[in-house]
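K.L.:
pasting the structure only:
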């Protein structure tokens, strides 16, 4: 996969399938923006991906709230 220089936005990126996607994207050189409701879990994943040499940014977001999506 050629993802270097690309950005992936993953909703639900702090656990389950979303977390798995974040890890795969980061491993293939993609910068990852992970959106999730759980702040502690989101920050943990951001740190995990960064510590492994990836670029990651956690954004607190509940996709059922329009104001969160707008932000």
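P.N.:
Great, that's in hand. Computed from a prediction, not measured in an experiment: that's the story for all the values here.

K.L.:
any idea which residue sits dead centre in this structure?
P.N.:
By C-alpha atoms, centre = their mean, the chain has its centre lying nearest to residue 34, at 2.1 Å.

K.L.:
Sticking with it, tell me its helix or strand.
P.N.:
strand 31-36 (DSSP states H and E).

K.L.:
Give me the mean pLDDT for the following helix or strand past that strand.
P.N.:
The helix or strand immediately downstream of strand 31-36 is helix 39-51, counting by DSSP H and E. Mean pLDDT, helix 39-51: 97.

K.L.:
and the angle from the strand holding residue 34 to helix 39-51?
P.N.:
When axes from the mean of the first three to the mean of the last three C-alpha atoms, to 10 degrees is applied, the directions of strand 31-36 and helix 39-51 differ by 170 degrees.

K.L.:
Counting by contacts, list what the lowest-mean-pLDDT helix or strand in the chain packs against.
P.N.:
Least confident helix or strand of the chain, by mean pLDDT, DSSP states H and E, is helix 66-70 with a mean of 90. For helix 66-70, there is no helix or strand it packs on, judged by 3 or more C-beta pairs under 8 Å, 6 or more residues apart in numbering; DSSP states H and E. Every C-beta, even on glycine, is put in place using the N, C-alpha and C of the backbone.
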